[in-house]
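Chemist: The amino acid sequence is not available; the structure is as follows:
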């Protein structure tokens, strides 16, 4: 579900490929290219999605001899691009039931490609050092008690709830309103900007409350503890304006353009079988975001050490 979570620091936004492009301006020259050994992968701006694409691209190019293009598209527009054949595959979706109904069930222009193997969860988090000092902050009913400590210049006298990009899957404005909390949602603008802010707070040992998600490599650098929101129940988030419950745990899904799924040969078969563990995604994400390897370098390093994992995707 994340409108994920549109995360990225400048460098992380510079996705690579044989022709990285901005899908808001143009289509990939390789997308939906009938009969050619080319594949176009949609890349979301958060680093976990970049890790998926980096490894898939590396194997498609080096093991299956495809030419791969990557294009960065926000979460919802990615469904339109996939339906229209402007991209061939989307490797990490956090749950968009309206788009799934429209394109998979009704128009049948998109087909499911199975689980990524990673379960995503969005929540509200505070730094663990603050949670240890104030254990009751991890219950949403006590958040107002700490609003004054969590306010910033951007939150207008209220406590700050730091979000990433408005394009991510987020119920936070509705949650703040419906739970009657004395907080203001403040958007950092991207995952990268949000990470920068979180790291700065942590460096100064300041308290903060943030929208965040798992899996995410940052937990290894800045330990955070989840705030318990009202328990999630099926349907409690059906009306976006009335949401007053926690986010669900979402098995992340892959999707293919329907024509590509039928005619994409070994590439389509490979992408359907592509499935890995959270720890693998975090390993590659950490190499890209923290160790500053390029996506290709990170993918090559992971591939070199995990042949027994990826070889099964090619069979």
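Modeler: Ah, there it is. Fair warning: this is a prediction, and the values are worked out from it, not measured in the lab. Residues are numbered from 1 along each chain as shown.
Chemist: what does stretch 123-142 contact?
Modeler: 143, 145-146, 161, 172, 179, 181, 201-202, 205, 207-214, 222-230, 246-247 (CB atoms under 8 Å, 6 or more residues apart in numbering). Where C-beta positions appear, they are placed from N, C-alpha and C, glycine not excepted.
Chemist: And that stretch, how far out from the chain middle?
Modeler: A distance of 24 Å separates the centroid of the chain from that of stretch 123-142, by CA atoms, centre = their mean, to the nearest Å.
Chemist: Over to stretch 175-185?
Modeler: With CA atoms, centre = their mean, you get 24 Å for stretch 175-185.
Chemist: now for it, what's the gap between its first and last residues?
Modeler: Stretch 175-185 stretches 10 Å from its first residue to its last (CA to CA, to the nearest Å).
Chemist: what about it, average pLDDT?
Modeler: Average pLDDT, stretch 175-185: 98.
Chemist: Buried residues in it, which are they?
Modeler: Using 16 or more other CB atoms under 10 Å as the test for burial, stretch 175-185 gives 175, 176, 179, 181, 182, 183, 184, 185.
Chemist: filter the contacts of stretch 123-142 to the buried ones?
Modeler: Among the contacts of stretch 123-142, those buried by neighbour count (16+ other CB under 10 Å) are 143, 146, 161, 172, 179, 181, 201-202, 207-214, 222, 224-225, 227, 229, 246-247.
Chemist: Run through this protein and note the low-pLDDT ranges.
Modeler: 1-36 (pLDDT under 70).
Chemist: Specify the residue ranges that define each domain of it.
Modeler: Under the assignment automatic domain parsing, the domains of the chain span 10-119+250-314, 121-247.
Chemist: Paired strands for the strand with the most length in the chain, with orientation please.
Modeler: The longest strand of the chain (DSSP state E) is strand 110-127. As defined by DSSP bridges, the strand partners of strand 110-127 come to strand 209-214 (antiparallel), strand 224-227 (antiparallel), strand 249-257 (antiparallel).
Chemist: what about the ones you listed, which gets the closest to residue 112?
Modeler: strand 249-257 (6.0 Å; CB to CB).
Chemist: what does that closest one contact?
Modeler: For strand 249-257, the external contacting residues (CB under 8 Å, 6+ apart) are 1, 32, 79, 82-83, 85, 87-95, 104, 109-121, 264, 268, 271-272, 274.
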